[in-house]
Structure formats: structure tokens, C-alpha cells
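Visitor: The following comprises the amino acid sequence and a computationally predicted model.
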Amino acid sequence: MSHAAAPAPLTARASGPLRGTAAIPGDKSVSHRALILGALAVGETRISGLLEGQDVLDTARAMRAFGATVERDGPGCWRVSGVGVGGFMEPEDVIDCGNSGTGVRLIMGAMATTPIAATLTGDASLRRRPMGRVTEPLSLFGARAFGRAGGRLPLTLVGAKNPGPVEHRLAVASAQVKSAMLLAALGAPGESAITEPTPTRDHTERMLAGFGAALAVEATAEGRVIRLMGQPELTPQTLAVPRDPSSAAFPVAAALMVEGSEVFVPGVSLNPTRAGFYETLREMGADLAFEDAREEGGEPVADLRARFSALKGVEVPPERAPSMIDEYPILAALAATAEGATVMRGVEELRVKESDRIDAMARGLEACGVRVAETRDSFTVHGLGGPVPGGATAAARLDHRIAMSFLCLGLAATAPITVDDASPIATSFPAFADLMRALGADIG
Ligand code: S3P
């Protein structure tokens, strides 16, 4: 929610080996989609393993505001009684999406082809982020947005009265924009075609197919073309949300950085559209094992085992960016302890995340005694081949992943690293500090 909690500083200190099993919470992307598609189905969808982070709780509240019944049966176990495609009611009040770009953008898509109006807002971070990338393509369906300069929140979206099918090629490699367009296409009669020049996470496509939508995906010279037939009746599902590879990245990285560590992380989603970070770790020389690869909840998963490793800097190619877009902050922290430079290219999208993540990591790393270089779309970290000096406070900038990255780095720093406000961690990984402490991390 957008009311600012009091800042909660947290400090990480050099720690002994990290050892044990890390139970990672449910995938954030899949959790948002499970609630939204559940709300658009006719009947009761049951979800287990739902991430109960603030971002997802805000989406659950939004789905109630649009008329769905959303109930919690127990930890991670939720039931959603949907209203059907086109059945959203007009919310009585402003929808507050808190810190969540995924939440607000997917919700805009889900309501864009229903003739209702809703006013959407979020916290100070979300109100700074660009929404035109979603509202402009949604206008092709006939939806109209009235927002602040640059399409920023708060904004009122008026859904199309008579939407038609749309053919659209995405201007940015963004799963949020793609998903908003696909959710909007559900409400338009006929077949819409959305083309993405660069593949991004495909949870929406997988889940739409699971809910019974008629969807076909084709790889063409222009990119990945997704054709979706509008106005289906979506069939409720029983969904098991896999564990989030983006959250798993933190204990895995911490284990790689802290001498003598061995951490086991069971049941992590290794959907290829999300696994770029793990590929990069391998290239850096990480001792990382993928055990018992299997399928769960429609996603490939495996158990990860990470052991302390002397890492080498690498060059991360731009085409890998979409498959590890949320992992660059923790990669940058890890790169600071690796031998040599790590160069991340094609990462301009990092500038419009919960914070400008290049700037946030660059300033924090410099304060910790690490040399960095940046351009608009690249970021270089000059690794020290061991613990960083630390002894600084990093600004989290309302960004959960910046906060967690500096806390992990503090475990491999000579002097403690403090994060000025760790409260945003609750958006995606509420148990982060407890889980890390249970592994042996000195965080307090
Ligand atoms: C997400 C897509 C990514 C990612 C975000 C979650 C999603 O954003 O950074 O954390 O669930 O679709 P973009 O689509 O803007 O790259």
C-alpha cells in the first residue's frame, strides 16, 4: 500500500559460512497472474504457494474491488471466485497498487476492454514509473487513459465500450506490456496478435492456455507472435505456484560470496525465460548444481545447491537481459567480490524499475569501496576478487531488490553495510531477513 511506513534500517555484517536449506516464497509474476486470471474465470480457482508479499496482496485487494471473491484458506492457499471475462465491476474507490509495476500494468490490461472506469495509483516509486508504455498500446483497443504528465500515476483508465481485436508489435521488451495487451485481448471479440521482438517471461501465455484460452505462439522473423481469440470462457484452475527464481537469487548469491557456504534451495522455477542469472553464474565459475529437474505447476523446476566459489567477472550479453532483468542488482553485488570486471550491456530498462537500478547500485557500491562505470544502457563493476571494504550505508530507494542486494553484499564485506530502509523487502520476500539469519547470516 502507498502509505509510507517508518524507514527500517538494517545492517549486514561479515558472517561465517552460510549453511542449510532456504525455503523461497512463491513466484511473484505467477502469483499476480493467478489472482487476475482467477478473477476473469467463471467459478472457483484454487491457488497454493501464492506469494504473500505486499505486491501480491495489493493485487488481491484490487481483484476484490473489481468484484471477484478472493479468500485466504491458510498460508499460501487462496481461493478466487471469478466474474468472467468482461465481468469486472466498476471499483468504488481508487485502486492502490502500492509498489507494484506488474500489478498496476496487468490490472490496466485486464480492465481495458470492459466499459468501466478505474483510478489507479501507487507509492512514490510507482508514481514515478512510466505508464504510457501500457496505456498507449491499450488505446488501440479503445481504452482511454487520463494521467499525469508522461502518463504517470495516478491515472484514470476508461475501458473500451466496443473493443475490436488488435495487431500490435511491442515497442519495449516487457512482459508487463505484453501481458497487459493479452489480458485486454481477452475482452475483444475476434483474434488479436501481439508480437514481441525479444522473448520475455511467458507466464501469461502458459497460464492463459491452462485456463482454456485459444492461444497460439509462433516464432517468426519479426519475433514471437502470440495470437489469442477474444471473449473465451476461462475455466477455473487448481494452481501450484513455483518458487521464485528472482528471490532465490539472493541466498544463492550470498552462498557464493561467503567462504565455506553451502545452501540448498529446493523447487525453484527454472523457466527458460527467467533463468539467465543462473546461466551467468555458471559462466562466472559458480559451483552451482541443479538437482532433480522436474515440472511443477506447468513450470520447469529444480533444486539448487550453491557452494562458495571464487568467481570471475564476465560480459553479460544484451540479449540475455529479459531473462534476468530483476537479477542485475544482485549480480552487481556479486560482481563486486569477483575477480575482474563484469560488464552488463543492454540494460537500459533497469533505469525504470522500482528505482533507477543502475544508479542505485552504482552509488551504493561506490560508497562500499567498489569502482563502477555506467552509460545509459550499460553497467560495469570492477570486482575486488574478495570481500569489499563496506562500512557504508546504501539507499534502498523504495526498491526491495536494492535493499536485499546490499544486505547480501554486507555478509562478504570487511566492515558492515547498512541499508537505510529495508521495509520494501516485504513487497516480494517478507521472510528474507529471517531466512538469511537461519542460514547463519549476521543481519540485524
Ligand atoms: C514482470 C516483468 C518484468 C519484471 C517484473 C515482473 C512480470 O518487468 O521486471 O519484476 O511479472 O511481467 P518488465 O516487463 O517491465 O520488464
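Guide: Cool, got the structure. Residues are numbered from 1 along each chain as shown.
Visitor: For R357, what are phi and psi?
Guide: phi -70, psi -20 (degrees, to the nearest 10).
Visitor: And it, how close does it get to the ligand?
Guide: Per CB to the nearest ligand atom, to the nearest Å, R357 is found 10 Å from the ligand. Where C-beta positions appear, they are placed from N, C-alpha and C, glycine not excepted.
Visitor: any idea which element A60 lies in?
Guide: Counting by DSSP states H and E, the element that carries A60 is helix 54-65.
Visitor: What lies in contact with the following helix or strand past that helix?
Guide: As assigned by DSSP H and E, the chain's next helix or strand after helix 54-65 is strand 69-74. Strand 69-74 is contacted by residues L35, G38, A39, A60, R61, M63, R64, W78, R79, V80, S81 when judged by CB atoms under 8 Å, 6 or more residues apart in numbering.
Visitor: what's the helix or strand for G147?
Guide: Per DSSP H and E: strand 144-148 holds G147.
Visitor: Which of the residues in that strand are classified as buried?
Guide: A145, G147 (16 or more other CB atoms under 10 Å).
Visitor: after that strand comes which helix or strand?
Guide: In the C-terminal direction, the helix or strand that comes right after strand 144-148 (DSSP H and E) is strand 152-158.
Visitor: Just want the angle from that following strand to strand 144-148.
Guide: Going by axes from the mean of the first three to the mean of the last three CA atoms, to 10 degrees, strand 152-158 is angled at 160 degrees with respect to strand 144-148.
Visitor: Chain neighbours aside, what residue packs nearest to L398?
Guide: Of all residues not flanking L398 in the chain, S125 sits nearest, at 4.0 Å (CB to CB, 6 or more residues apart in numbering).
Visitor: wait, the one you found sits on E354?
Guide: Yes. S125 is within contact range of E354, at 5.1 Å (criterion: CB atoms under 8 Å).
Visitor: Look at the two and report which has more neighbours.
Guide: E354 (27 against 21; other CB atoms under 10 Å).
Visitor: Pop out the phi and psi values for that one.
Guide: Backbone torsions of E354, given as degrees, to the nearest 10, read phi -50, psi -30.
Visitor: so who does it touch?
Guide: N99, G101, S125, L126, R129, R397, L398, D399, H400, R401, I402, P424.
Visitor: and which of those is nearest to the ligand?
Guide: G101 (6.2 Å; CB to the nearest ligand atom).
Visitor: ok, the residue nearest to that closest one when sequence neighbours are not counted - contacts?
Guide: Leaving aside its sequence neighbours, G101 sits nearest to R129 (CB to CB, 6+ apart; 5.7 Å). Counting by CB under 8 Å, 6+ apart, R129 makes contact with G101, R152, L153, V352, K353, E354.
Visitor: Could you export the residues you listed to TSV, including columns for distance to G53 and pLDDT?
Guide: Formatted as TSV, the contacts of R129 follow (distance: CB to CB, whole Å; pLDDT from 0 to 100):
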residue	distance to G53	pLDDT
G101	14	98
R152	24	97
L153	20	98
V352	21	98
K353	16	98
E354	13	98
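Visitor: Of those - the most surrounded one?
Guide: Neighbour tally across those (other CB under 10 Å): the maximum, 27 neighbours, falls on E354.
Visitor: In this structure G369 contacts V388, no?
Guide: Yes. The pair G369 / V388 is scored as a contact, 5.7 Å apart, by CB under 8 Å.
Visitor: neighbour-wise, which of those two wins?
Guide: V388 (23 against 17).
Visitor: which residues sit in contact with that one?
Guide: A336, T337, L365, C368, G369, V370, L409, A412, A413, T414.
Visitor: Show me what it is bridged to.
Guide: V388 has the following beta-bridge partners by DSSP bridges: A413.
Visitor: What pLDDT is listed against it?
Guide: Per-residue pLDDT puts V388 at 98.
Visitor: for the helix holding A60, packing partners?
Guide: helix 28-40, strand 69-74, strand 95-96, helix 101-111 (3 or more CB pairs under 8 Å, 6 or more residues apart in numbering; DSSP states H and E).
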